[in-house]
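here's a sequence, model it:
(one chain, ligands or ions: 2)
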Amino acid sequence: MNKVVLVTGANSGIGLALCERLLSQDTEGLQLCLACRNMRRAQAARSALLTSHPTAQVALLQMDTSSISSVISAAHEVKLRYNRLDYLYLNAGIMPNPQFDVKAFFRGLFSSNIITMFATGEGILTQKDSVTSDGLQDVFATNLFGHFLLIRELEPVLCNAGRTSQLIWTSSSNAHRSAFNLEDMQHQRGTQPYSSSKYASDLLSLALNTHYNKQGLYSSVICPGFVMTSLTYGILPSFPAFLWTLLMPIFWLIRMFTNTFTLTPYNGAEALFWLFKQKPESLDPQVKYHSLTSGLGTNYTQPCKMDIDLETSEVLYEKLLHLEKRKCISCNIT
Ligand SMILES: NC(=O)C1=CN([C@@H]2O[C@H](COP(=O)(O)OP(=O)(O)OC[C@H]3O[C@@H](n4cnc5c(N)ncnc54)[C@H](OP(=O)(O)O)[C@@H]3O)[C@@H](O)[C@H]2O)C=CC1
Ligand SMILES: CC(C)CCC[C@@H](C)[C@H]1CC[C@H]2C3=C(CC[C@]12C)[C@@]1(C)CCC(=O)[C@@H](C)[C@@H]1CC3
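Numbers count the residues shown, from 1 in each chain. Ligands and ions are numbered 1, 2, ... in the order given. Next up is the predicted model:
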């Protein structure tokens, strides 16, 4: 039986690099489904994958994770197409209108916090969020809630007796407890919706393990490190792409001090690819798996305990179930 793998946000960056790596190790035994909101970019990604792997099975699925109706109809389509789903990579993500705090950056450069700042971006980034047509905060809806709905809708193909399935979240080392508030899980009031959504995905992964392990479904989170993608180019929009390229020697130098500067999507996808090869029962639900690249360019995966607790994860899970019920009733979806 071929393994079925669905990747959200697969048309670029880390998601596309993961697809390339999966096909490079096993072209014949996989059915890959690229779930993307932009079908033109999705077609281009599919063509690129088929150019290097002409016999691969690569399907496309239209899905906008920020839209409830889009997620529900995409999940319906998946259930029609496949009777099993072995891996669900929850990778689509946004960091809209990032504001780079230059002063805080220079202060950080001359402080003992310098390594943490380069590894996590802590203290130097804020974002301006917006509201979706479903009335949800965009970052929360895109990075977390859309994926939560997708998992709930795909339960019948994810939870099958006699075999296991894996949920794998692309989280971030930018996920901080201080940015997250259970009373404001959508982060309507703060300036760090990205960090909040990633911290929430760490909590949700833990809660999903609590509720679904008995049914053979396991959840893990990874951090890809700092990777040059359209998400990171957006941080300094006035910086032309060639300037980022000119900075590469500096970034390679920084990598000597922090192996979190993975820099390429291929390297960033290391932990996602590593998890594909693990037995899910052997994984620790309280751990985040980090893609790292050494100064000499060697890739590896390192587990690191997360700053999360069972109690908070349970409360978040209940709140998400409640929001799901409320939103699906108001959208007339049963
Ligand atoms: N780059 C980095 O340094 C880091 C990235 N990450 C995470 O990695 C993940 C991948 O990002 P990365 O590869 O860097 O950036 P990219 O911008 O290259 O990839 C993001 C992907 O998500 C998709 N996406 C965005 N919004 C939606 C939506 N509403 N519905 C469906 N798909 C959507 C994008 O599609 P489209 O082309 O349509 O915009 C794109 O395919 C994100 O979750 C990000 O938070 C985590 C830590 C560090
Ligand atoms: C122009 C200067 C010479 C260099 C500027 C560097 C910063 C723009 C980067 C330094 C650390 C980076 C970083 C991220 C964004 C860009 C930096 C702040 C992230 C926050 C991107 C998204 C994530 O999820 C984090 C894991 C990244 C952590 C490091």
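
quick one, grab the pLDDT at residue 333.
According to the prediction, residue 333 has pLDDT 66.

so that it lines up with my notes, have the first residue be 56 from now on.
Sure, I'll start numbering at 56, so the last one becomes residue 388.

after the one helix or strand in the chain whose mean pLDDT sits lowest, which helix or strand is next? Please name it.
Every helix and strand of the chain was ranked by mean pLDDT, DSSP states H and E. The lowest is helix 296-310, at a mean of 89. Going down the chain from helix 296-310, the next helix or strand is helix 320-323, by DSSP states H and E.

ok now the least confident helix or strand of the chain, how far from the chain's centre?
24 Å (Cα atoms, centre = their mean, to the nearest Å).

then stretch 116-128?
In terms of Cα atoms, centre = their mean, the centre of stretch 116-128 is found 16 Å from the chain centre.

so what's the backbone phi/psi at residue 275?
phi -140, psi 160 (degrees, to the nearest 10).

wait, it touches residue 327, no?
No. Counting by Cβ atoms under 8 Å, residue 275 does not reach residue 327; the two are 9.6 Å apart. In this view, the C-beta of every residue, glycine as well, is placed from N, C-alpha and C.

the stretch 106-255 of the chain against ligand 2: which residues are in contact?
173, 175-176, 179-180, 227-229 (Cβ under 6 Å from any ligand atom).

just those residues: which are in strands?
residue 180 (DSSP state E).

neighbour-wise, which one of the residues of the stretch 106-255 of the chain next to ligand 2 leads?
residue 227 (26 neighbours; other Cβ atoms under 10 Å).

ok, residues contacting the helix or strand hosting residue 127?
Here residue 127, judged by DSSP H and E, is contained in helix 123-136. By Cβ atoms under 8 Å, 6 or more residues apart in numbering, the list of residues contacting helix 123-136 from outside reads 61, 88, 90, 92, 114, 116-120, 140, 189, 201, 204-205, 208-209, 211-212, 382-383, 386, 388.

of these, which belong to helices?
Secondary structure from DSSP state H places 201, 204-205, 208, 211-212, 382-383 of the contacts of helix 123-136 in helices.

list the buried residues of the helix holding residue 127.
Neighbour-count burial for helix 123-136 flags 123, 125-130, 132-133 (criterion: 16 or more other Cβ atoms under 10 Å).

can you check stretch 208-219 too?
Within stretch 208-219, the residues that count as buried by 16+ other Cβ under 10 Å are 208-209, 212-215, 219.

go on, stretch 113-125?
Neighbour count says stretch 113-125 has 113-116, 118-123, 125 buried, by 16+ other Cβ under 10 Å.

average pLDDT for it?
Stretch 113-125 comes out at a mean pLDDT of 98.

what does this protein put close to ligand 1?
63-64, 66-70, 91-93, 96, 118-121, 146-149, 197, 225, 227, 278-279, 281-282, 284-287.

filter those to the buried ones?
Buried members of the residues of the chain next to ligand 1, scored by 16+ other Cβ under 10 Å, are 63-64, 66-70, 91-92, 118-121, 146-149, 197, 225, 227, 278-279, 281-282, 284, 286-287.

list the contacts of the closest residue to ligand 2 within the chain.
Ligand 2 sits closest to residue 176 of the chain, with a gap of 2.6 Å, by Cβ to the nearest ligand atom. Residue 176 is in contact with 229, 281, counting by Cβ under 8 Å, 6+ apart.
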